[in-house]
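> Here's a sequence, model it:
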Amino acid sequence: MPYPTLADIVATLDVDRIADQHFVATQLDNPAHHIVGGHIAAQALMAASRTAPGRTPHSVHVYYIRPGDARRPVDLHVDVARDGGTLSTRQVTARQDGQILLEALASFSAPVPAPDYHQPLPDVPDPDALPPMQQQLADYADELDGHWVQPRPFELRYVDPPPRLALELPAPSPRIRLWWKPAGPVPDDAALPSCLLTYLSGTTMVETALAMRRATPVSTFNALIDHALWFQRPIDLSDWVLSDQFSPSGVAGRGLATSTMYNRAGQLVATATQELYFGRGTT
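Below you'll find the predicted structure:
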């Protein structure tokens, strides 16, 4: 089954507002009919953003409670927990058939003039000097009905070997750095860049933990347990973003993954952490 297009993702992030604090989110189906964690987290963040006009997200913390059916929509209920002079807090509950799939807390901020600082951009090749992921994986084009070279909603250029190539390394590495950007223009929506980054982080960060297990996203069952992101600066998705990803720990069937993301000018734009479960198909 092909990957969803960027247009598909953007359309489903535009959650339908049924009432002031009630939204309905269409899912993106797949062969397993499993709701993608990064996708529903991004939808929850978008719903929360719609209730905090004039303020931009600076963090979101998500717990994935149970899996859902991607063939059917999900109800998102937003609780206005607090509106302060600078910060607003929203709690989002995602339900399907009355069962809770996800709980999220999102925080939003009004603009605040203040000095800032950040860690420097790692010393990596420029994205223009790197081949597209599909070119890197051309030798595996016949595997899994062409899975590795399919068009994707994001352009990816890996500094370090992507998961399929990492299988050929003599020893696994916990670090994968890659440049990414949407595979097309993004509509003008203040919350959309943070939501797309949330979606992307839910699909690429897992690769670091998988690499340490000598596995790929299609060879091992995995599911997100929790997911936290901090948005340090506005994200310009018309240009490349570097995701510096690392898996510091794997224990008891869980893998921890972190990412720091930078724009091409070298500014830190986001930080993310997630924990994943690897098992027999159930959490």
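> ok, Thr258 touching Ala270?
No: between Thr258 and Ala270 there is no contact under Cβ atoms under 8 Å: 11.4 Å. C-beta here means a position set from N, CA and C on the backbone, and glycine is covered the same way.
> Same drill for these two, tell me which one is more crowded.
Legend: neighbour count by other Cβ atoms under 10 Å for Thr258 and Ala270, higher for Ala270 (25 against 18).
> list the contacts for the more buried one?
194, 197, 201, 229-232, 235, 259-261 (Cβ atoms under 8 Å, 6 or more residues apart in numbering).
> Low-confidence stretches in this structure?
The model of the chain has pLDDT under 70 over residues 1, 280-283.
> where do the strands sit along it?
Along the chain, counting by DSSP state E, strands occupy 16-19, 22-25, 56-64, 74-83, 87-96, 99-109, 154-158, 175-182, 222-231, 241-251, 254-263, 268-278.
> Is it possible to get TSV of those that adds distance to Asp126?
Below are these laid out as TSV (distance: least, Cβ to Cβ, whole Å):
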stretch	distance to Asp126
strand 16-19	41
strand 22-25	37
strand 56-64	29
strand 74-83	39
strand 87-96	37
strand 99-109	32
strand 154-158	10
strand 175-182	8
strand 222-231	24
strand 241-251	10
strand 254-263	12
strand 268-278	17
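> quick one: Ala114 and Gly266, what's the gap?
20 Å (Cβ to Cβ, to the nearest Å).
> neighbour-wise, which of these two wins?
When neighbours are counted by other Cβ under 10 Å, Ala114 and Gly266 differ, and Gly266 comes out ahead with 12 against 5.
> In contact with that one, which residues?
Applying Cβ under 8 Å, 6+ apart, the residues contacting Gly266 are 120-121.
> and if we set it to 10 Å?
118-122, 242 (Cβ atoms under 10 Å, 6 or more residues apart in numbering).
> Next: Thr204.
38, 154, 156, 158, 162-163, 176, 178, 180, 217, 243, 245, 257, 259, 272.
> Trp179 too?
124-130, 155-159, 239-243, 262, 264.
> same thing but 7 Å
127, 130, 157, 240-242 (Cβ atoms under 7 Å, 6 or more residues apart in numbering).
> and if you look at Ala11?
Applying Cβ under 7 Å, 6+ apart, no residues contact Ala11.
> ok, now how distant is it from Ile35?
In terms of Cβ to Cβ, Ala11 sits 16 Å off from Ile35.
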